[in-house]
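Engineer: Sharing a model that was predicted from the sequence below.
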Amino acid sequence: MKAMIFAAGLGTRLRPLTDHTPKALVSVAGRPMLEHVILKLKAAGFTEVVVNVHHFGQQIIDFLRTNDNFGLTVHISDERSQLLDTGGGIKKAASYFSGNEPFLVHNVDILSDTDLKELYRFHLHSGNDATLLVSPRKTSRYLLSAPQSHRLCGWLNKDTGQTKPEGFVCRPGQYSEHAFSGIHVISPSLFRYMDERWTGRFPIMDFYLQTCREARIGCRIAESLRLIDIGKPETLAQAEEFLKQT
């Protein structure tokens with residue numbers, strides 16, 4: 001099974017920790033974020049991983065080499081010349097995901113208790129081009145899906161009233177509202193929708209929302225998901241306790 005880890009971010013929310021260190025190597029409970037995610041993927045049966053790099057990218061490359069890639073096949077998608085955001089990063093790495101085999105995508109700064117193997121298997125039988133792991137976690141920005149099919153329909157910022165995609169109308173009670181986890185599974189069939197409109201740097205969520213009427217973008221709802229975003233200083237302190245409980 002294949003996976004991709006987003007490790008190219010600037011880590012601006014974690015400054016000054018990231019002034020001389022990539023976010024992916026910031027320590028959480030004695031181990032770098034990247035190591036936590038790699039070991040979780042390995043435990044779930046993933047054997048081949050693509051890691052994108054930008055900010056202090058050589059440090060990440062050296063860290064992986066020093067640890068013999070944790071016994072996995074690891075490819076580096078090098079974005080040091082241009083940071084491509086999540087969507088552009090996936091498109092740049094497309095050559096590693098040829099054929100029909102899906103791949104799981106995981107933010108480096110997310111810890112969760114989700115069963116990654118179960119999510120992957122769900123996607124395999126779903127018929128989706130992409131499956132997004134979501135939960136009822138409280139936030140201000142929600143993904144909106146059809147209650148029966150769980151197919152992605154739109155996005156809502158409850159603080160501002162902004163919706164996506166353009167022209168989307170959110171009627172009260174019409175859609176299920178869930179928070180995105182930063183974990184998703186993609187089939188290579190999705191790449192056919194990344195035409196010339198989608199070049200350079202772009203967020204994968206914008207792509208999902210713009211193409212969800214054509215591509216089949218589904219949501220996997222994890223009602224009891226426990227998740228922590230460790231990309232913020234205030235959550236670093238909570239992470240060690242979180243890891244003890246998962």
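Structural biologist: In hand now; what should we look at?

Engineer: and A7, what is it in contact with?
Structural biologist: Contact analysis of A7 by Cβ atoms under 8 Å, 6 or more residues apart in numbering lists 22-24, 34, 51-53, 60, 108. Just so you know, the C-beta spots here come from the backbone N, C-alpha and C atoms, and that holds for glycine as well.

Engineer: mind redoing it with 10 Å?
Structural biologist: Going by Cβ atoms under 10 Å, 6 or more residues apart in numbering, A7 touches 22-25, 32-34, 37-38, 50-55, 57, 60, 64, 76-77, 79, 89, 106-109.

Engineer: Mind naming the longest helix for this protein?
Structural biologist: When the chain is scanned for its longest helix (criterion: DSSP state H), the result is helix 233-245.

Engineer: what about it, average pLDDT?
Structural biologist: Per-residue pLDDT over helix 233-245 has a mean of 81.

Engineer: helices or strands up against it?
Structural biologist: strand 27-28, helix 33-43, strand 110-112, strand 227-229 (3 or more Cβ pairs under 10 Å, 6 or more residues apart in numbering; DSSP states H and E).

Engineer: ok, 7 Å please
Structural biologist: Judged by 3 or more Cβ pairs under 7 Å, 6 or more residues apart in numbering; DSSP states H and E, the packing partners of helix 233-245 are strand 110-112, strand 227-229.

Engineer: quick one: strands adjacent to the last one?
Structural biologist: Strand pairing for strand 227-229, using DSSP bridges, gives strand 110-112 (antiparallel).

Engineer: Check which residues of the helix or strand following the strand it pairs with are buried.
Structural biologist: Using DSSP states H and E, the helix or strand that follows strand 110-112 in sequence is helix 116-124. For helix 116-124, burial by neighbour count (16 or more other Cβ atoms under 10 Å) applies to 116, 119-120, 122-123.

Engineer: What ranges does this protein have for its helices?
Structural biologist: Using DSSP H, helices in the chain cover 33-43, 57-66, 85-92, 116-124, 204-211, 233-245.

Engineer: In contact with F202, which residues are there?
Structural biologist: 85, 87-88 (Cβ atoms under 7 Å, 6 or more residues apart in numbering).

Engineer: For it, which non-adjacent residue is closest in space?
Structural biologist: Nearest non-adjacent residue to F202, counting by Cβ to Cβ, 6 or more residues apart in numbering: G87, 4.2 Å away.
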